[in-house]
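Novice: this is a predicted model, with the sequence first.
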Amino acid sequence: MPLTLAPTSPARAGAPPAAAPGAAPGATPAGAPVSGTPIGAREFRDAMALLAAPVTIVTALGPDGRPTGFTASSVTSVSLTPPLILLGVTRDSRSHRPLLEAGAFTVNVLARHHDRLARRFAEPHADRFAGGEFRAWPGGGAPYLPDAPLALRCTLAEVLPAGDHDLLLATPVESLTCGSSQALVWYQRAFHTTRHTLQEDTADDLGDTRGADTAGR
């Protein structure tokens, strides 16, 4: 017996959008704006504590040539073509203005033995470069950490205001690597390290067709 489809009736003016096929009862209709009250700051912090993040130190040279830097976990890859990374910086950071004025910075990805260094660069009033761990980038540029697993020199591409932060889109222009090491990770308000590889997955195995390790996941 042939299947007969009932004629589709035109949508009434002002009627809400229909829910997507297979959607659960009460689900937001397809195309409808999602609204709601934001969760509180405490709840948001508790939630984000469960989001593991790499630990980096971002450095730049101020207009006077003096180095500035801070510990950051809000660094991620964004695009492979062209290569772009994103860095979130709170506007009340003492490094915020020098970073924007310099138009360039270095992202130093930290290893497990850099935990004390990460704490120093997170202290508001510490002399962050007092230990002499950093070196001038070959040929000029923001300081880099010679024993970091990765140092990425970047130029600022765009600044996007977002709440109490600015999101800095930047183009990596040069990289220095120091071999593989156990990465330093911030999770549940404490430092952790990567210890075991569960499976040797490739980017394609994880559905990341762009090939960047973190973009799009």
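Specialist: Done, it's in.

Novice: C-alpha from now on. contacts and neighbour counts both.
Specialist: OK.

Novice: state the distance from residue 63 to residue 102.
Specialist: Separation of residue 63 from residue 102 (C-alpha to C-alpha, to the nearest Å) stands at 7 Å.

Novice: out of these two, which sits in the more crowded spot?
Specialist: residue 102 (17 against 12; other C-alpha atoms under 10 Å).

Novice: got a list of what the more buried one touches?
Specialist: 60, 61, 62, 63 (C-alpha atoms under 8 Å, 6 or more residues apart in numbering).

Novice: my guess is the first one meets residue 68, correct?
Specialist: Yes: the pair residue 60 / residue 68 is scored as a contact, 5.4 Å apart, by C-alpha atoms under 8 Å.

Novice: between these two, who's got more neighbours?
Specialist: The neighbour comparison of residue 60 against residue 68 (other C-alpha under 10 Å) goes to residue 60, with 29 against 22.

Novice: what about that one, is that helix, strand or coil?
Specialist: Recorded secondary structure, residue 60: strand (DSSP: H, G, I helix; E, B strand; the rest coil).

Novice: ranges for the helices of the protein?
Specialist: 41-48, 96-102, 115-120 (DSSP state H).

Novice: quick one: contacts of the last one?
Specialist: In this case it means helix 115-120. Outside helix 115-120, the residues within contact range by C-alpha under 8 Å, 6+ apart are 55, 56, 57, 71, 110, 126, 127, 128, 184, 191.

Novice: again, only using 10 Å
Specialist: Applying C-alpha atoms under 10 Å, 6 or more residues apart in numbering, the contact partners of helix 115-120 are 55-57, 70-72, 110-111, 114, 122, 126-131, 133, 184-185, 190-193.

Novice: re the thing from before, just name the most buried of the helices of the chain.
Specialist: Stretch with highest mean neighbour count among the helices of the chain: helix 96-102 (a mean of 18; mean count of other C-alpha atoms under 10 Å).

Novice: and that one, C-alpha only, in CSV?
Specialist: Output in CSV follows, covering the C-alpha atoms of helix 96-102 (Å, rounded to 0.1, in the frame of the first residue of the first chain):
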residue,chain,number,x,y,z
HIS,A,96,46.4,44.0,30.0
ARG,A,97,47.4,47.4,28.7
PRO,A,98,51.1,46.5,27.9
LEU,A,99,49.9,43.4,26.1
LEU,A,100,47.5,45.4,23.9
GLU,A,101,50.0,48.2,23.3
ALA,A,102,52.8,45.7,22.4
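
Novice: and that helix, average pLDDT?
Specialist: Across helix 96-102, pLDDT averages out at 91.

Novice: quick one: which of the helices of the chain is nearest residue 143?
Specialist: helix 96-102 (12.6 Å; C-alpha to C-alpha).

Novice: can you give me how far that closest one is from the chain middle?
Specialist: 18 Å (C-alpha atoms, centre = their mean, to the nearest Å).

Novice: also stretch 94-110?
Specialist: Worked out by C-alpha atoms, centre = their mean, stretch 94-110 lies 14 Å from the chain centre.

Novice: now do that stretch: distance from first to last residue.
Specialist: Stretch 94-110 stretches 21 Å from its first residue to its last (C-alpha to C-alpha).

Novice: now do stretch 186-198
Specialist: 19 Å.

Novice: what are the buried residues along that stretch?
Specialist: Neighbour-count burial for stretch 186-198, counted by 16 or more other C-alpha atoms under 10 Å, picks out 186, 187, 191, 192, 193.

Novice: what about residue 88, neighbour count?
Specialist: Residues near residue 88, counting by other C-alpha under 10 Å, number 20.
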